[in-house]
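Peer 1: test case, fold it:
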Amino acid sequence: MEKQKTCLLIWPPLAVTSILPLSIPFLKGYLKKKQAGEIKVLDLNRRYLQHSSLTWLTLTIFLNLLTKLFGGNPAGKRFILAGFDMVAGSIAKRKRRSIAWSLDSIINAACSNFYYKENNKIYKILKHAIDDKEISLIGISAVYPEQLLFALIIARVVKEKFNKNLPVVIGGAQVTKHINQLNNKLAIKQYVDFFIPCDGEEPLLNLLDGLKEPKQNFLLKPENFPLPDFSGFDLNTYSSWIPLLASKGCFWSRCTFCTYTGSTGNGYFINTPGQTSATIKKLKKTCNASRFLFVDDALPPQFMRSLAENLIKEKIAIKWSSSIILNQAFADKEFCALLKQSGLESVLIGLESASSRILRLMRKQHAEISKAEISGIFFALKTSGIKVRATVLFGFPTETRQEARETLDFLAGNRKSIHKVWAQAFSLEEGTYIFNHPEEFGITKINYADKNSGERIGFRYESNQGMSSKERDKFLNNLLFKTFYLKSKL
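Peer 2: Down below sits the predicted model:
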């Protein structure tokens, strides 16, 4: 009788530490459903941080103490989790500053002895989790840029210090984004057997079934979504929000700066509200959870209405949060009241800009909605008791300082309706409409040699219009913006 195969799934450093990941639980749930063997999980992100920071260790001890005193959701847990994120963010920033932050530099550093201390630290953690005679396959999920660096380090440690014949697979958003460059780097092929773009569930199953070449560019459609399995993660050390996915792709999928078209094959697929309600009921029981965070790019208003009606009808008492696209449906106070009644606690909105010209260039759905109407949507959500969080994007090609200030002024004028704002710099991504049609956005030159622009590792480019990258960074970091951000309590 053939020996049962064992797959070790690794969530690598350095990732957000307060929110549970969904990629690894999805993979585990799918492989268990397919009876692919024993599936183990290692939260290496937490293990690494515990070995890297005295502050982290102190916070962990304090959290455990509070849990014993107050139960599963202790008072003050939110502040401790915020402390965890601050420690992780600080370490991530130091790693980005330790090298010239680019895709080539990340690969070169991982394949050299530059991070020998990190290699030794990873080895000490892994030696308690890996039995090379037992493990048949290692899968690593790299969702954030810093995780790609550590995924490569982990792969090298496995091959050099455990078993050079043990298959190592790396997937996740960072692999999908950089797949062309990664496949062309000879230095890392000695450590990584396969890079898996798009969804990894079926490719991992292929390898566990003995296939020599896994399926590529696999897309897991919602009707085949597994029940996420969060075993392997200490739920007590994360926030009480359980991540959930109802769809694949984006139902708008026209934004000129977005990579969804390239990663989902221009398709959009969504579960039924009934199936989603059933998944929530199961997770509520298995995870003892009552708060759910939809990590979809955005949920359509009609889906949200049907889901809300189902939750109310079936008396599923939860709190939930999701991203939405600015749509006039959310200006309807009765609709917002229904969402609130069902447990909707907050929404995340990709405002990106308040300049109508920039919004049209971005091809945002709300490009033709007036500022007054957008303010009305914010107000309707706020007065219904739903927190509004927004993202804005500065430095979009051809954007002027005046247009950037227009966005700031709009945010300031709506500060009573907006709970929080996240601002980020524009990043030129491969596969986007802008990347394929740079001349339409005043881009005169793209540096194809290396991805070395910003934390997101985009392409550096030159433009003959709007703010330069230096002006954009100065705008993002200047005292005016910081003062506005703090005083408005966004």
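
Peer 1: what lies in contact with the strand ranked longest in the chain?
Peer 2: In the chain, assigned by DSSP state E, the strand with the most residues is strand 443-453. Here strand 443-453 makes contact (C-beta atoms under 8 Å, 6 or more residues apart in numbering) with 100-105, 178, 181, 397, 427-428, 434-435, 438, 457-464, 469. In short, each C-beta sits where N, CA and C put it, glycine included.

Peer 1: Three-state assignment for V169, please.
Peer 2: strand (DSSP: H, G, I helix; E, B strand; the rest coil).

Peer 1: same question for C7.
Peer 2: strand.

Peer 1: of the contacts of strand 443-453, buried ones?
Peer 2: 101-103, 105, 178, 397, 427-428, 434-435, 438, 457-461, 463, 469 (16 or more other C-beta atoms under 10 Å).

Peer 1: Q402: neighbour count?
Peer 2: 8 (other C-beta atoms under 10 Å).

Peer 1: enumerate every residue touching it.
Peer 2: Q402 touches nothing, counting by C-beta under 8 Å, 6+ apart.

Peer 1: for the helix or strand where it lies, buried residues please.
Peer 2: Element membership for Q402, per DSSP states H and E: helix 401-413. Within helix 401-413, the residues scored as buried using 16+ other C-beta under 10 Å are 403-404, 406-408, 410-411.

Peer 1: what does stretch 446-460 give?
Peer 2: 451-454, 456-460.

Peer 1: same check on stretch 82-101?
Peer 2: Quick answer for stretch 82-101 (16+ other C-beta under 10 Å): 83-84, 87-88, 91-92, 95-96, 101.

Peer 1: quick one: secondary structure of Y123?
Peer 2: Y123 - assigned by three-state DSSP - is helix.

Peer 1: go through the buried residues of helix 401-413 and name the one nearest Q190.
Peer 2: Comparing these against Q190 with C-beta to C-beta places A404 closest, at 45.8 Å.

Peer 1: report the inter-axis angle for the helix or strand containing V158 versus strand 443-453.
Peer 2: Assigned by DSSP H and E, V158 belongs to helix 145-161. With axes from the mean of the first three to the mean of the last three C-alpha atoms, to 10 degrees defining the directions, helix 145-161 sits at 50 degrees from strand 443-453.

Peer 1: for helix 145-161, what is the distance to the chain centroid?
Peer 2: Centre-to-centre, helix 145-161 and its host chain are 20 Å apart (C-alpha atoms, centre = their mean, to the nearest Å).

Peer 1: let me know the average pLDDT across it.
Peer 2: For helix 145-161, mean pLDDT is 94.

Peer 1: which residues are in contact with stretch 95-104?
Peer 2: In contact with stretch 95-104 (C-beta under 8 Å, 6+ apart) are residues 14, 105-106, 109, 114, 146, 149, 178, 181, 450-452, 455, 457.

Peer 1: please tabulate the residues you listed in JSON lines, including the columns distance to S247.
Peer 2: Output for the contacts of stretch 95-104, formatted as JSON lines (distance: C-beta to C-beta, whole Å):
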{"residue": "L14", "distance to S247": "28"}
{"residue": "S105", "distance to S247": "35"}
{"residue": "I106", "distance to S247": "31"}
{"residue": "A109", "distance to S247": "36"}
{"residue": "F114", "distance to S247": "40"}
{"residue": "E146", "distance to S247": "27"}
{"residue": "L149", "distance to S247": "30"}
{"residue": "H178", "distance to S247": "24"}
{"residue": "Q181", "distance to S247": "28"}
{"residue": "D450", "distance to S247": "34"}
{"residue": "K451", "distance to S247": "28"}
{"residue": "N452", "distance to S247": "33"}
{"residue": "E455", "distance to S247": "27"}
{"residue": "I457", "distance to S247": "26"}
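
Peer 1: tell me which of these is nearest to F162?
Peer 2: L149 (19.6 Å).

Peer 1: any idea how far the closest residue to that closest one other than its chain neighbours is from L148?
Peer 2: Closest residue to L149 apart from its sequence neighbours, by C-beta to C-beta, 6 or more residues apart in numbering: I106 at 4.8 Å. Going from I106 to L148 by C-beta to C-beta, to the nearest Å gives 6 Å.

Peer 1: what does I91 give?
Peer 2: Counting by C-beta to C-beta, the gap from I91 to L148 is 16 Å.

Peer 1: of all the contacts of stretch 95-104, which comes closest to N224?
Peer 2: H178 (26.4 Å).

Peer 1: check the secondary structure at R460 for me.
Peer 2: For R460, the assignment made with three-state DSSP gives strand.

Peer 1: from I99, how far off is it?
Peer 2: Relative to I99, and taking C-beta to C-beta, R460 is found at 16 Å.

Peer 1: with Y191 instead?
Peer 2: According to C-beta to C-beta, Y191 and I99 sit 18 Å apart.

Peer 1: of all the residues in stretch 155-171, which ones are buried?
Peer 2: So, applying 16+ other C-beta under 10 Å, buried residues of stretch 155-171: 155-159, 161-163, 166-171.

Peer 1: now those residues as a markdown table including distance to S239?
Peer 2: Putting the buried residues of stretch 155-171 into a markdown table (distance: C-beta to C-beta, whole Å) gives the following:
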| residue | distance to S239 |
| --- | --- |
| A155 | 30 |
| R156 | 32 |
| V157 | 30 |
| V158 | 31 |
| K159 | 35 |
| K161 | 34 |
| F162 | 33 |
| N163 | 36 |
| L166 | 34 |
| P167 | 34 |
| V168 | 30 |
| V169 | 29 |
| I170 | 27 |
| G171 | 25 |
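
Peer 1: still on that earlier bit, in TSV, list the buried residues of stretch 446-460 along with pLDDT and distance to E334.
Peer 2: Formatted as TSV, the buried residues of stretch 446-460 follow (pLDDT from 0 to 100; distance: C-beta to C-beta, whole Å):
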residue	pLDDT	distance to E334
K451	83	47
N452	75	50
S453	70	45
G454	70	42
R456	78	39
I457	86	44
G458	88	42
F459	90	46
R460	89	49
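
Peer 1: nearest to L126, of these?
Peer 2: I457 (25.7 Å).

Peer 1: who's in contact with the residue sitting nearest the centre point of the chain?
Peer 2: The residue lying closest to the centre of the chain (C-alpha atoms, centre = their mean) is V143, at 6.1 Å. Counting by C-beta under 8 Å, 6+ apart, V143 makes contact with 15, 21, 23, 172-174.

Peer 1: for it, helix, strand, or coil?
Peer 2: Applying three-state DSSP: V143 is coil.

Peer 1: what do you get for Q174?
Peer 2: helix.

Peer 1: that one touches L149, doesn't it?
Peer 2: No - Q174 is beyond contact range of L149, at 9.4 Å (criterion: C-beta atoms under 8 Å).

Peer 1: check which helix or strand N288 maps to.
Peer 2: Going by DSSP H and E, N288 is not part of any helix or strand.
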